[in-house]
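>>> Show me the folded form of this:
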Amino acid sequence: MMNIAQYLDSTYLKTPAQSGLSEEETLEIDKNLAKVAIDHGIFAVMIRPDYVSEIKKYIQENNSDVVVGTVIGFHEGTSSVEEKLSEAAKAIEDGADELDFVINYSEYLKGNLESVKNEFLKCTKLCIQHQKVAKWIIEVAALSDEQIADLTKNISNWAEENFSEEDLSKIFVKSSTGFYETKDGKPNGATFEGIKIMLDNAGKLPVKAAGGVRTPEDAEKMINLGVKRIGTSSALALIKNESSSEGY
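All right, here's what the predicted structure looks like:
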């Protein structure tokens with residue numbers, strides 16, 4: 001049986017308003033997420049920026065090397081470059097190891113490629129300067145197959161043209177936020193077809209599959225396809241060889 005724990009970003013990204021919980025209750029969920037990751041060898045926890053400082057401290061107090069990730073420009077991706085840079089700088093200061101940016105796919109869909117390139121370069125540069133990992137969420141459910149291929153290819157080209165070979169392993173292309181609203185029951189996360197398109201166009205960049213990986217078999221299939229990380233709210237179920245009904 002494959003050890004999939006080392007590929008997992010165990011994820012909780014609901015705000016208190018979205019879950020109907022208090023900030024204290026949300027922090028407890030995040031701490032439990034971290035505890036499970038520590039106890040079961042899960043690679044990373046992925047949480048909202050407001051909780052990074054506390055969770056980083058909790059992990060350090062438990063002498064663990066579990067990675068702390070957070071999201072930037074989440075979940076619409078439409079905040080300005082300056083806002084994303086400010087949010088990212090604060091997250092880095094608070095101890096985030098990895099930053100998952102939602103790329104401004106709305107601008108991409110309008111044809112404003114230079115604007116998208118500008119935010120990619122500036123935000124990625126900030127992460128690389130601080131030895132952090134930058135992951136770029138393209139929101140595959142909002143894109144056609146051709147657009148998935150094109151946006152992934154553009155990100156790959158921008159990265160290879162502007163960053164060193166050594167840096168490329170720290171620049172991911174990621175499928176989904178898990179919050180995009182689709183119609184007619186269509187998946188809003190990673191599909192095997194979408195991930196295959198991303199892998200075919202990502203060049204030297206690693207790919208993260210997020211959303212919709214709900215069984216150990218699906219996780220193994222994604223890893224065998226070539227993904228380097230999987231974002232899931234069902235990490236514990238996956239490593240216990242159980243299926244999950246969770247939405248992400």
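
>>> going forward, measure contacts and count neighbours with C-alpha atoms only.
Noted.

>>> now the helices: where do they sit in this structure?
Assigned by DSSP state H, the helices in the chain fall at 16-19, 23-40, 52-61, 81-94, 105-109, 113-129, 145-162, 192-201, 216-225, 235-239.

>>> neighbouring contacts of the fourth one?
Put plainly, it is helix 81-94. Residues outside helix 81-94 that contact it (CA atoms under 8 Å, 6 or more residues apart in numbering) are 49, 52-53, 56, 70, 72-73, 99, 119, 122-123, 126, 130.

>>> now, among those residues, which is nearest to residue 16?
Comparing those against residue 16 with CA to CA places residue 49 closest, at 12.7 Å.

>>> do you know how far the closest one is from residue 14?
Computed as CA to CA, to the nearest Å, the residue 49 to residue 14 distance reads 11 Å.

>>> Return the residues in contact with residue 103.
73, 77-78, 116, 119-120, 136-138.

>>> Please say which of residue 49 and residue 14 ends up with more neighbours.
Legend: neighbour count by other CA atoms under 10 Å for residue 49 and residue 14, higher for residue 49 (22 against 14).

>>> Distance check, that one against residue 63.
Relative to residue 63, residue 49 is positioned 22 Å away (CA to CA).

>>> ok so, going back, show me whatever sits in contact with both of residue 49 and residue 14.
By CA under 8 Å, 6+ apart, no residue touches both residue 49 and residue 14.

>>> Who are the contact partners of residue 64?
Neighbour list for residue 64: residue 38 [criterion: CA under 8 Å, 6+ apart].

>>> State the pLDDT value of it.
At residue 64, the predicted lDDT confidence score is 98.

>>> Could you do the one 5 residues further on as well?
According to the model's per-residue confidence, residue 69 sits at a pLDDT of 98.

>>> Specify the beta-bridge partners of it.
residue 46, residue 98 (DSSP bridges).

>>> I'd like to know how many residues surround residue 146.
Residue 146: 10 neighbours (other CA under 10 Å).

>>> Please list all residues in contact with the most centrally placed residue in the chain.
Among the residues of the chain, the one closest to the centroid is residue 100, at 4.6 Å (CA atoms, centre = their mean). The neighbourhood of residue 100, defined by CA under 8 Å, 6+ apart, consists of 69-72, 134-137.

>>> Local confidence estimate at it?
As predicted, residue 100 sits at a pLDDT of 98.

>>> low-scoring stretches of this protein, by residue?
Scanning the chain for pLDDT under 70 picks out 1, 243-248.

>>> Who is residue 231 paired with across the strands?
Bridge pairing for residue 231 - DSSP bridges - gives residue 9, residue 210.

>>> Tell me if I'm right that it and residue 212 touch.
No: using CA atoms under 8 Å, residue 231 makes no contact with residue 212, being 9.1 Å away.

>>> So between the two, which is more surrounded?
Between residue 231 and residue 212, counting by other CA under 10 Å, residue 231 is the more crowded of the two (29 against 26).

>>> Let me see the contact set for that one.
8-11, 208-211, 248.
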